[in-house]
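> Provide a 3D model corresponding to the input given below.
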Amino acid sequence: MRASLIQIAVDEGESVETRRRRVASLVREQAGADLVVLPELWTTGAFAYEEFGREAEPLDGPTHEAMAKAASDTGVWLHAGSIPERAPDGTLYNTSLVFSPSGELAAAYRKIHRFGFDKGEAVLMGAGRDAVTVRLPGTTLGLATCYDLRFPELFRALVDAGAETLVVPAGWPERRRSHWTLLAQARAVENQAFVLACGTAGTHAGVPQAGHSIVVDPWGEVLAEAGPGEQVLTVDLDPGRVAVTRDQFPALKDRVLGLEPPRR
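Okay, the predicted model is just below:
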C-alpha cells in the first residue's frame, strides 16, 4: 500500500477557497498512491479559533464536494483531514472525512478529545462520541485527530474494532514537537499498528506548526518523516507486517482488563 501524507502549509494570506482548490490539485498529483492523508483543520488552521464559526460547513459542504471529486479523479482513498463542521442543530465539530476512490463518503469522525482546556476548541466545539474505523483493501484504518494522540484508550478501542493502521491528522504546535514524535511511536508500539500522522506547516493565528509528519511501523520504527515546511511524504507499506508483528510478539493477547482497584 502506498500512502502519501500531504503536509499543508496554512498561509494566513491565502483564502479558504484558494487553499481548497490548491489542496485538491495536490491530491490529484498523487496518482499511484492508494491512500492520501491531509492534516487537521487545514481550511482554517487549527489555532485560528475566530475562523471556526465563519468557515464552518455541513458534511456535504464545499470541502466535501472538492475532496470527493479529487478522490474520484485520482482513484485514491482520501482521508481529507478535518473541517469545522456545523451540525444541523448548530453545534460545531472538528470532523474528519474519508472518501473512497469513487468519491463516496466512507466515514466521518468527530474528534473526541478537544484541545484548549478552558478556551479555543474545547469550548467552541462539541465532542464526538464514537470510535470510527474504515475498511480498505488490505487494512483497516482507525481514525483519530491531533490531541486524541495523548489518549491511548481511544487507540485501544480502535484496535479492538479491527484497526491495523492508525491515521492521525493534526495541527500540532512546534513547541511540543518532541511529544508528537514520541506519542506517534508509542501508539504504534503499544498497538502493534502502523501510525500515519499528518501535520501542518506554517503558522496558525501566530502559533508556529511542527510539521514533521511521520509514518511509524508496528514495531515503532520510523519509516519516513517530513521536515518543517510544506511537503508530500510518500511511503510504501506492507499491511501484512501488522499480523506478523502481532504473531511474533503477541503482547496484545496478554492484556488484562477490569483489574480490581488497590486496597487501602
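
> where along the stretch 151-264 of the chain do the strands fall?
165-169, 194-198, 201-204, 207-208, 214-216, 222-225, 231-236 (DSSP state E, counting those that start in this stretch).

> please identify which of these is closest to A31.
strand 231-236 (11.6 Å; CB to CB). Placement of C-beta: from N, CA and C, glycine included.

> redo the strands of the stretch 151-264 of the chain as JSON lines? Include mean neighbour count, mean pLDDT and distance to G53.
Formatted as JSON lines, the strands of the stretch 151-264 of the chain follow (neighbours: other CB atoms under 10 Å; pLDDT from 0 to 100; distance: least, CB to CB, whole Å):
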{"stretch": "strand 165-169", "mean neighbour count": "28", "mean pLDDT": "99", "distance to G53": "21"}
{"stretch": "strand 194-198", "mean neighbour count": "28", "mean pLDDT": "98", "distance to G53": "25"}
{"stretch": "strand 201-204", "mean neighbour count": "21", "mean pLDDT": "93", "distance to G53": "16"}
{"stretch": "strand 207-208", "mean neighbour count": "16", "mean pLDDT": "96", "distance to G53": "19"}
{"stretch": "strand 214-216", "mean neighbour count": "25", "mean pLDDT": "98", "distance to G53": "31"}
{"stretch": "strand 222-225", "mean neighbour count": "16", "mean pLDDT": "98", "distance to G53": "34"}
{"stretch": "strand 231-236", "mean neighbour count": "17", "mean pLDDT": "98", "distance to G53": "30"}
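
> so which of the ones you listed gets nearest V27?
Using CB to CB, the strands of the stretch 151-264 of the chain put strand 231-236 closest to V27, at 10.0 Å.

> about what we covered before: just put the strands of the stretch 151-264 of the chain in JSON lines and tack on distance to Q30.
Formatted as JSON lines, the strands of the stretch 151-264 of the chain follow (distance: least, CB to CB, whole Å):
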{"stretch": "strand 165-169", "distance to Q30": "15"}
{"stretch": "strand 194-198", "distance to Q30": "13"}
{"stretch": "strand 201-204", "distance to Q30": "17"}
{"stretch": "strand 207-208", "distance to Q30": "26"}
{"stretch": "strand 214-216", "distance to Q30": "15"}
{"stretch": "strand 222-225", "distance to Q30": "15"}
{"stretch": "strand 231-236", "distance to Q30": "7"}
